[in-house]
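Asker: next input, structure requested:
(one chain, ligands or ions: 1)
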Amino acid sequence: MQKLKEAARIIQFADFAIALTGAGISVESGIPAFRGAQGLWQKYDPFEYAHIEAFVHHPAKVWEMLRELDLIMQKARPNPAHLVLAAWERENYLKAIITQNVDNLHQAAGSKNVIEFHGNAFRLRCLKCDRIYARDEIDLTQSVPLCPCGGLLKPDVVFFGENIPIEALLEAKAAVNACDVMLVVGTSAEVAPANTFPWEAKKHGAKIIEININPTVLTEEVTDIFLEGRASEVLTQLAQLL
Ligand code: OAD
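Answerer: Next up, the predicted model:
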């Protein structure tokens with residue numbers, strides 16, 4: 001309780017608090033995380049299913065996984081963790097969310113300043129002409145969805161081997177440089193460059209509040225306050241203290 005109260009006080013008096021979120025925040029919305037026993041990468045080898053080369057050479061195979069994920073994401077709804085962060089933005093406690101998630105749940109919860117660091121699965125992009133489509137414009141039952149130009153359509157998400165969208169990278173860096181508090185919620189912090197942000201923020205004196213069901217590589221090294229537990233429970237408790 002002491003740690004919760006301290007974290008709430010830090011958030012309440014922050015000048016520029018931001019959140020960095022990962023798959024763990026959406027687990028309670030029914031979307032599996034990537035790592036760990038129940039993780040997606042237990043079932044699908046990321047080098048066979050989430051690398052851009054794999055997609056280009058074996059699109060039908062990769063689309064099998066993408067269709068499965070799409071079904072899960074279509075059903076998912078924001079959980080209390082997403083809703084608390086959206087409320088904090090409205091109440092001016094939180095300035096931005098950098099999310100590694102592509103499930104659109106922060107936006108569905110009402111968050112406005114969401115930096116989509118790994119893209120958004122509710123858009124598709126043609127690998128040939130670069131045209132963007134809304135997910136609902138495309139018949140995803142085809143084994144390999146194609147653009148009228150003949151190019152492969154791919155969810156507009158960052159695969160391994162691809163760059164972070166430059167605008168997202170710049171916006172995220174600006175937010176990290178400006179923040180005096182960073183909430184790190186539901187990420188294993190194993191994937192660069194997003195996992196460098198807590199270190200960057202810490203370097204210029206920001207407080208790091210981490211929420212996770214398990215300690216991570218950050219916990220001992222950079223985290224100031226570790227709040228162990230499910231994102232929805234911990235964020236709801238914090239919200240009650242603000
Ligand atoms: P991971 O699957 O690596 O980590 C999920 C984290 O969430 C773990 O640390 C879990 O302990 C934690 N967790 C699980 N359930 C939770 C809950 N209910 N409340 C709080 N924490 C919980 O997911 P990410 O860190 O997001 O990239 O993975 C980063 C990137 O790796 C993803 O964006 C994806 C993946 O490869 C791309 O696809 C480019």
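Asker: and the pLDDT for the residue of the chain found nearest the ligand?
Answerer: With CB to the nearest ligand atom, the shortest gap between the chain and the ligand falls at G24, namely 2.3 Å. C-beta here means a position set from N, CA and C on the backbone, and glycine is covered the same way. Predicted confidence (pLDDT) at G24: the value is 97.
Asker: and for C126, nearest residue in space, chain neighbours not counted?
Answerer: Of all residues not flanking C126 in the chain, C147 sits nearest, at 3.7 Å (CB to CB, 6 or more residues apart in numbering).
Asker: isn't that neighbour up against I132?
Answerer: No - with contact defined as CB atoms under 8 Å, C147 does not reach I132; the gap is 10.3 Å.
Asker: which of those two has more residues huddled nearby?
Answerer: When C147 and I132 are compared for neighbours, C147 comes out ahead with 19 against 11, by other CB atoms under 10 Å.
Asker: so F16 sits against M182, correct?
Answerer: No - under the contact definition of CB under 8 Å, F16 does not touch M182, with a separation of 9.7 Å.
Asker: next secondary structure after the lowest-mean-pLDDT helix or strand in the chain?
Answerer: In the chain, the helix or strand scored least confidently by mean pLDDT, DSSP states H and E is helix 40-43, which has a mean of 89. Using DSSP states H and E, the helix or strand that follows helix 40-43 in sequence is helix 46-49.
Asker: what's that next one packed up against?
Answerer: Applying 3 or more CB pairs under 8 Å, 6 or more residues apart in numbering; DSSP states H and E, one finds that helix 46-49 makes contact with helix 59-75.
Asker: counting contacts, what elements does the helix it packs on pack onto?
Answerer: Helices and strands touching helix 59-75, as assessed by 3+ CB pairs under 8 Å, 6+ apart, comprise helix 46-49, helix 52-57, strand 119-126.
Asker: hmm, who's touching that helix?
Answerer: 30-32, 40, 44, 48-50, 54-55, 103-104, 121-122, 135, 140-141, 143-145, 152, 155 (CB atoms under 8 Å, 6 or more residues apart in numbering).
Asker: ok, D180 - contacts?
Answerer: If you count contacts by CB under 8 Å, 6+ apart, D180 has them with A14, D15, F16, A17, G205, A206, K207.
Asker: if we use 7 Å, what do you get?
Answerer: Taking CB atoms under 7 Å, 6 or more residues apart in numbering as the criterion, D180 is in contact with A14, D15, F16, A206, K207.
Asker: please apply the same query to C126.
Answerer: Taking CB under 7 Å, 6+ apart as the test, what C126 contacts is C147, C149, G151, L153.
Asker: pLDDT value on it, please?
Answerer: Turning to C126, the model gives it a pLDDT of 98.
Asker: repeat for P46
Answerer: The per-residue pLDDT reported for P46 equals 89.
Asker: any idea how many residues pack against the nearest residue in space to it that is not next to it in sequence?
Answerer: Of all residues beyond its chain neighbours, the one nearest P46 is F160 (6.2 Å), with distances taken as CB to CB, 6+ apart. F160 is surrounded by 14 other residues when neighbours are defined as other CB under 10 Å.
Asker: next, the buried residues of stretch 51-68.
Answerer: For stretch 51-68, the neighbour count (16 or more other CB atoms under 10 Å) marks H51, I52, A54, F55, P59, K61, V62, W63, L66 as buried.
Asker: do stretch 11-24 as well
Answerer: Of the residues in stretch 11-24, those buried by neighbour count under the rule 16+ other CB under 10 Å are I11, A14, A17, I18, A19, L20, T21, G22, A23, G24.
Asker: which residues touch the nearest residue to A23 once chain neighbours are set aside?
Answerer: Among residues not flanking A23 along the chain, A33 sits closest, at 3.9 Å (CB to CB, 6+ apart). By CB under 7 Å, 6+ apart, the contact list for A33 reads A23, G24, V27, G39.
Asker: measure the last one to S29 for me?
Answerer: Spelled out, it's G39. G39 sits 16 Å away from S29, taking CB to CB, to the nearest Å as the criterion.
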